[in-house]
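Peer 1: Here is the input, now give the coordinates:
(chains A, B, C and D, ligands or ions: 4)
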Amino acid sequence: MPTMNLLQAINNALDIAMESDPRVLCFGEDVGGFGGVFRATSHLQEKYGRERCFNTPLVEQGIIGFANGLAAQGHKPVAEIQFADYIFPAFDQIVNESAKFRYRSGSLFEVGGLTIRAPYGGGISGGLYHSQSPEAYFAHTPGLKIVVPRNPHQAKGLLLAAIRDPDPVLFFEPKRLYRASTGEVPEADYQLPLGEAEVIKEGSDVTLLAWGAQVEVTEKAAELAEKEGISCEVIDLRSILPWDVETVAQSVLKTGRLVISHEAPLTGGFAGEIAATIAERCFLYLESPIQRVTGLDTPFPLTLEKEYLPNHLKIVEAIKASIDF
Amino acid sequence: MPTMNLLQAINNALDIAMESDPRVLCFGEDVGGFGGVFRATSHLQEKYGRERCFNTPLVEQGIIGFANGLAAQGHKPVAEIQFADYIFPAFDQIVNESAKFRYRSGSLFEVGGLTIRAPYGGGISGGLYHSQSPEAYFAHTPGLKIVVPRNPHQAKGLLLAAIRDPDPVLFFEPKRLYRASTGEVPEADYQLPLGEAEVIKEGSDVTLLAWGAQVEVTEKAAELAEKEGISCEVIDLRSILPWDVETVAQSVLKTGRLVISHEAPLTGGFAGEIAATIAERCFLYLESPIQRVTGLDTPFPLTLEKEYLPNHLKIVEAIKASIDF
Amino acid sequence: MTTTTASQVIHEPRFMDGDEFHIATFALLQQDGTLFEGARAPELGRETARRIYHTMVLIRVLDERMLAAQRQGRLSFYMQCTGEEAAVIGSAAALDDDDMIMAQYREQGALAYRGFGIDEFMNQLFGNAEDYGKGRQMPIHYGSAKLHYMTISSPLATQIPQAAGYAYGQKLDGQGRCTITYFGEGAASEGDFHAALNMAAVHRAPVIFFCRNNGYAISTPSVEQFAADGVAPRAFGYKMHVIRVDGNDVLAVYAATREARRIAVEHNQPVLIEAMTYRLAAHSSSDDPSGYRSKKEEALWREKDPVNRMRLWMLAQEWWSDDEEKTLQEQLRREVLETMKRAEKRPPPPLASLVEDVYAEVPARLQEQLDALEAHVRRHPEAYPKSAPGLDQGGA
Amino acid sequence: MTTTTASQVIHEPRFMDGDEFHIATFALLQQDGTLFEGARAPELGRETARRIYHTMVLIRVLDERMLAAQRQGRLSFYMQCTGEEAAVIGSAAALDDDDMIMAQYREQGALAYRGFGIDEFMNQLFGNAEDYGKGRQMPIHYGSAKLHYMTISSPLATQIPQAAGYAYGQKLDGQGRCTITYFGEGAASEGDFHAALNMAAVHRAPVIFFCRNNGYAISTPSVEQFAADGVAPRAFGYKMHVIRVDGNDVLAVYAATREARRIAVEHNQPVLIEAMTYRLAAHSSSDDPSGYRSKKEEALWREKDPVNRMRLWMLAQEWWSDDEEKTLQEQLRREVLETMKRAEKRPPPPLASLVEDVYAEVPARLQEQLDALEAHVRRHPEAYPKSAPGLDQGGA
Ligand SMILES: Cc1ncc(C[n+]2csc(CCOP(=O)(O)OP(=O)(O)O)c2C)c(N)n1
Ligand SMILES: Cc1ncc(C[n+]2csc(CCOP(=O)(O)OP(=O)(O)O)c2C)c(N)n1
Ligand SMILES: [Mg+2]
Ligand SMILES: [Mg+2]
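Peer 2: Ligands and ions are numbered 1, 2, ... in the order given. As a prediction, this is how the structure comes out:
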């Protein structure tokens, strides 16, 4: 099986999607000839022509508006937002339009063909505007699906599923792992299910939940905790919306403890929704308060980014707090 | 003391703010000569001139961009977004700009003078795009303050405080109550504190928490529950960001039960954040799972709006579920 | 490739503000139904002309009747097209019936021209079980897949970049179709407008941007909307073909739109049309224009009534008669009234419709929410007169 | 009040696409440092000319040195102004020093012209404890309240409507000040651009919209950014004064901006300036242009180097000499290097700075978060080499 980094896996998924369905298009700022500032769309214009892979003018609301129209017309646009921090000018087109297209028309029209890709997250010395994790901003929007892969294998399978899914999907890519994360990725066309979490390590004392780049950090924390005799179950949520309540609840019913981690600020972050839901579902089984290990309630800093980020040390402390409660 | 409806209270607050500080300006779509589609800015142009109260072109991102600039320059813009549903084109200017202006410049520059007013909420046969409650979309954004008044007296005092607050404030007005809610409102200039919840009815069995128009619904539910012998403590959160954890936690430590209600969809709604935080703070004191009585995880409907909304009957059922757990 | 412009080099600073350029207004028909001297009517044909005129009368009748219904409290909300029928219907008539229409909200005439039935209008207006939109949107948010008329969305201008994308898709399909998108001069201030025109021009999408410049955005007059002479001069910023037309002149609108369609489809080029017209009615049933404009101004424009103008032309062509007019008016009034009565009585959409169409399939979490709601409604049937009966009938 | 346009009425459909209109390019200085025939240099004065030129050389040296530092791994990121110095510095020089500058990110020259010190640049670039922005933003996000230079914000075009609002506030203050906002031809595609120009024109804000049309937005050439001949023709859509200028010609830029400032301040009218120039360097230190443009094209533009052009003119004026050039270059190189070394060694901002400036006062919840973080850092000092030492010194 070939080894790929996360960018190559994404490029490969886009290539397969365009190859297997002429209705798939890729576009965005610098996506065309150059292949995107991260090179996720490299060579796609060469292979599929300028009509199917192209640069757009620099206007996110236009990119998504255009993509909504293309999707309504029956095409399958894969629009790139250069950084997730720059998705907000398109917020109206996504939240008021993409998400509600099918509902408001009673399914006469829909933009299910739409996929929006955006690199997200910190740890790359990006400061305020190249580090944000905006998944929670969108998770309050029925009609959207939100997916975050943790490694190359997942990225390929989830992206192919996202592009072919009948609903609009936001696909947030952990850019810190673009080149850092490598792994075996099947050459063939395959899909991984949307809406399903994955238990990536079984354990009995505490459930650890994360998504995207934070899964790796959480796994590292689990390792450290295991050394101290704490058995950790690690779950990758994978889909933020709709999210897999069952898998998480089952695990917490077993362990009685839950630690959730994401980079975004605490207040209003998606860990809050998960904690609220699981506290309700598992009320009588919880041995200690659900812990949230997240960014601070501030914008994302630069020089002190390491202090800001919810690293493995902070997660380990939360695990112990959970155990020692 | 004069009696005013909520619109009059807001108009009165704007009048006082403009009278007492020449740096206060009011603008937005139809805000000028006409006084706004709800007439919240009636007569302000006549009194303070076209330079301080005016119509803008129809462009929300421009309205807030312009307001950010004015605020950075030292003025105190009060920008109206005609319906909260139409605030999303300005999402980038609010979330990436207003909220981060002070932080990114190390306080060299700030837009604390900014206040954004927007009518929100359902119950007026408004359907998808004239009913939304978007407070949770903004509550994930450090740097913003978010305020929602429940009645005319609160509206005046909170709006005056918002305009004079040194941070940018989103002020969501419950439009269902604009003319429906009347009450005594002091003629004088007064302010109510931001960031502080208010216990509006004491009780011992269960804490009920809401904000804006939902407070009235919650009070009605409390009345019904009291008839069945359940003693309810009712809290108006008033400020969504920063929110008053202490007051809510104190109450729940006492009652051991919490029911939170808002109109917005369940998933990612602000009740989730509150439930997560309170479940952590009051872990050993909670007698039953925190109940969230909210809109469905769908866009806002029209014909079946009554079914969709979290009315007093649904809250009463949640109270009983909480008690009978 | 490079940034040089081919423009002339000068050595004196010369500031321009566009005053040098004038965009004329294209007009063919005078108010008395005769053509301007030298004007040539487009090749319209009797049948098309009658179809246009019939649609105009239908829309007038529908608008009057439904506004009255709103006043009687039978309807929550309504928006009239009054005064802009020529702009909307004349342009729709110039298209092929399977070109896409992406409208703002005041373009019921385009939909009626395509054949949307009075009962279809009524079902939407009353949000009953037969509304294609399942009673989710406010009145006037029509849509029809079979008539290629995109369901209306309230957030302004969002459909404009969507139209560019839709048209781009049509170009890829190579079937010679195009898209028209309608919007007001107010909506043209939104950022989405700029995005749309620029993207359409760069990517050569066959789309017609049709601006109804009717002088107002609710209470805001166009002089407070922009400083320029209308919306048309913006086209130069995108190097886009543009024409300004008398929007109350159905012949000019038709001719301009036909030519715009030809440019769009044959050259894969977007075109901007600015139709100068006037919103004769209030903005909506919630609005009262007396607070922001004069009766005199309204009267001035009432004299330019586009329906009347076309009627006079039709009469002169002998394609129409006063008798036909009378019959049609009566027939339509009756039909609208009867259809309304039937639509009012239709049941509301069933409870389960609340959770449909959010996703292609109802997710587990949402199904739970529906189940809980259904149980709740069963416990309190008296509180939910719209949905409880449907449950008893084994629905939901 | 009404919607009629005063435009001429015509009876033939006439589509226009702006090809009829030409916006010339204003230029004064030839590459050899002599004026075009018939061109007249603006009244610049020796001191101002020297201040401009000095700033140009400083920026060249700074850019070269800091890119090298980035390559050596001493700096995480850098962006050069190379090729656009005349546009940026020439325009800044034409303003009053207390006019507001709201830039995009490639305008370090304007800030240097105002007197921002090399150490101030360095503190920001290294995000140390003396950075005014407290090490929160990436390198090149400078700001200075005392020099009226708004702190840079990465999201593109957001500053453009803000500049309109800022200028409107200046108008209300009545002190005769104005605002200039710089942006690239790429950023001008954003919706915020359209919003800004329209609002400024309608509300008559004294703002200069200065577009650096440097041919590229990262890899995207301007022909894929817009179909029109540059950004200038957009002004007509807002009835705004516009001038296009050779952006590599410091004299033309200066003259155009002075006149623009006069129009803005005396008439409360916004003005658009399009400066035609070229981004000689890579987009940023993360970029490699060889993937999207030719060496030949770059060479062509290197011949039009604006700094060189001005130097030749200065020499001809005898306002500058080769000796002075040599001394200045050496002095600046040394100064930049030494200042950099000092800045690199300054400590990072203290831990507590993480939660400052989010609000005017730190809210209770956030203070709790800081307290918890501080306790955590104390438990793991080895993991936080930047902030732990500060805590030991009794900080935070
Ligand atoms: C994004 C957005 N902002 C505001 C509104 C509220 N609104 C509805 S119609 C309207 C005026 C539109 O004017 P125009 O585009 O000229 O169309 P007209 O009503 O004249 O046909 C406004 C402000 C909206 N629907 N969407
Ligand atoms: C809203 C937003 N979208 C995308 C980006 C990423 N980005 C940074 S610079 C740039 C290109 C800007 O080009 P231009 O405006 O022409 O300025 P130049 O770099 O040529 O000076 C892009 C796409 C951003 N910073 N903000
Ligand atoms: Mg209008
Ligand atoms: Mg550029």
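Peer 1: Can you pull the domain assignment for chain C?
Peer 2: C:21-345, C:351-393 (automatic domain parsing).
Peer 1: Identify whichever of these lies nearest to chain A.
Peer 2: Judged by Cβ to the nearest Cβ, the one of the domains of chain C that comes nearest to chain A is domain C:21-345, at 2.7 Å. Every C-beta, even on glycine, is put in place using the N, C-alpha and C of the backbone.
Peer 1: Can I take it that A:Phe109 is in a strand?
Peer 2: No. The assignment for A:Phe109, made by DSSP: H, G, I helix; E, B strand; the rest coil, is coil rather than a strand.
Peer 1: Enumerate the positions of stretch A:31-51 that are buried.
Peer 2: Within stretch A:31-51, the residues scored as buried using 16 or more other Cβ atoms under 10 Å in any protein chain shown are A:31-42, A:44-45, A:48.
Peer 1: Quick one: the helices in the chain, in order.
Peer 2: In the absence of a named chain, chain A is used. For chain A, helices defined by DSSP state H occupy the ranges A:6-20, A:44-48, A:60-73, A:91-92, A:101-104, A:135-139, A:152-164, A:213-227, A:245-255, A:270-281, A:305-308, A:312-324.
Peer 1: nope, chain C
Peer 2: Using DSSP H, helices in chain C cover C:46-71, C:85-93, C:108-114, C:118-126, C:159-173, C:191-202, C:250-267, C:295-302, C:306-317, C:322-345, C:364-379, C:388-392.
Peer 1: quick check, the shortest one touching chain B?
Peer 2: No. Using Cβ under 8 Å from any Cβ of the partner chain, helix C:388-392 stays clear of chain B, coming no nearer than 9.3 Å.
Peer 1: quick one: contacts for C:Arg309?
Peer 2: By Cβ atoms under 8 Å, 6 or more residues apart in numbering or on different chains, the residues touching C:Arg309 are C:29-31, C:33, C:86, C:248-250.
Peer 1: Could you export the helices of chain C as a markdown table, including distance to D:Val242?
Peer 2: Listed next are those as a markdown table, based on distance: least, Cβ to Cβ, whole Å:
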| stretch | distance to D:Val242 |
| --- | --- |
| helix C:46-71 | 41 |
| helix C:85-93 | 31 |
| helix C:108-114 | 36 |
| helix C:118-126 | 46 |
| helix C:159-173 | 24 |
| helix C:191-202 | 16 |
| helix C:250-267 | 27 |
| helix C:295-302 | 33 |
| helix C:306-317 | 36 |
| helix C:322-345 | 51 |
| helix C:364-379 | 53 |
| helix C:388-392 | 62 |
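Peer 1: Determine which of these shows the lowest mean per-residue pLDDT.
Peer 2: Comparing mean pLDDT across these, the weakest is helix C:388-392, with a mean of 88.
Peer 1: Next, the buried residues of that one.
Peer 2: By 16+ other Cβ under 10 Å, the buried positions in helix C:388-392 come out as C:388, C:390-391.
Peer 1: Go ahead and name everything in contact with it.
Peer 2: Outside helix C:388-392, the residues that touch it by Cβ under 8 Å, 6+ apart are C:347-348, C:350-351, C:374, C:377-378, C:380-382, C:396.
Peer 1: Now list the buried members of these.
Peer 2: Applying 16+ other Cβ under 10 Å to those flags C:348, C:350-351, C:374, C:377, C:396 as buried.
Peer 1: just so I know, which of the helices of chain C lies nearest ligand 2?
Peer 2: Ligand 2 lies closest to helix C:191-202 among the helices of chain C, at 11.7 Å (Cβ to the nearest ligand atom).
Peer 1: Around ligand 4, which positions in the stretch 201-325 of chain A sit nearby?
Peer 2: Not one residue of the stretch 201-325 of chain A sits near ligand 4, judged by Cβ under 5 Å from the ion.
Peer 1: still on that earlier bit, save the buried residues of helix C:388-392 as TSV, and put in distance to D:Asn123 too.
Peer 2: Output for these, formatted as TSV (distance: Cβ to Cβ, whole Å):
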residue	distance to D:Asn123
C:Ala388	69
C:Gly390	69
C:Leu391	69
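Peer 1: picking that back up, out of the buried residues of stretch A:31-51, who's near chain D?
Peer 2: Counting by Cβ under 8 Å from any Cβ, the members of these near chain D are A:32-35, A:37.
Peer 1: tell me the contacts of C:Ala343?
Peer 2: By Cβ under 8 Å, 6+ apart, the neighbours of C:Ala343 are C:119, C:122-123, C:125-126, C:128, C:130.
Peer 1: quick one: which two of the residues you listed are the most distant?
Peer 2: Maximum pairwise distance among the contacts of C:Ala343 (Cβ to Cβ): 11.4 Å, between C:Leu125 and C:Glu130.
Peer 1: Have a look at the two and say which one is more surrounded.
Peer 2: C:Leu125 (26 against 18; other Cβ atoms under 10 Å in any protein chain shown).
Peer 1: Look up how far B:Ser105 lies from the residue lying closest to that one once chain neighbours are set aside.
Peer 2: Leaving aside its sequence neighbours, C:Leu125 sits nearest to C:Pro139 (Cβ to Cβ, 6 or more residues apart in numbering or on different chains; 4.5 Å). C:Pro139 is 48 Å from B:Ser105, where distance means Cβ to Cβ, to the nearest Å.
Peer 1: Nearest to B:Ala225 among the buried residues of helix C:388-392?
Peer 2: Distance to B:Ala225 across the buried residues of helix C:388-392 (Cβ to Cβ) is lowest for C:Ala388, with 23.0 Å.
Peer 1: Would you mind measuring from C:Ile208 to chain B?
Peer 2: Distance, C:Ile208 to chain B, using Cβ to the nearest Cβ, to the nearest Å: 21 Å.
Peer 1: Quick one: neighbours of that residue, just the number.
Peer 2: Using other Cβ under 10 Å, C:Ile208 has 29 other residues around it.
Peer 1: tell me the contacts of C:Leu67?
Peer 2: Contact analysis of C:Leu67 by Cβ under 8 Å, 6+ apart lists C:78, C:80, C:281, C:285.
Peer 1: Filter the residues you listed down to just the ones in strands.
Peer 2: Using DSSP state E, no member of those falls within strands.
Peer 1: returning to what we had before: mind putting the helices of chain C into CSV with distance to ligand 2?
Peer 2: Below are the helices of chain C laid out as CSV (distance: least, Cβ to the nearest ligand atom, whole Å):
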stretch, distance to ligand 2
helix C:46-71, 42
helix C:85-93, 35
helix C:108-114, 35
helix C:118-126, 38
helix C:159-173, 16
helix C:191-202, 12
helix C:250-267, 28
helix C:295-302, 42
helix C:306-317, 43
helix C:322-345, 46
helix C:364-379, 33
helix C:388-392, 47
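Peer 1: looking at those, which is closest to A:Arg238?
Peer 2: Closest approach to A:Arg238 among the helices of chain C (Cβ to Cβ): helix C:364-379, 15.5 Å.
Peer 1: what helices or strands is the closest one leaning on?
Peer 2: Packing partners of helix C:364-379 (3 or more Cβ pairs under 8 Å, 6 or more residues apart in numbering or on different chains; DSSP states H and E): helix A:245-255, helix B:312-324, helix C:388-392.
Peer 1: Mind pulling the model confidence for C:Gln269?
Peer 2: Confidence score, pLDDT, at C:Gln269: 96.
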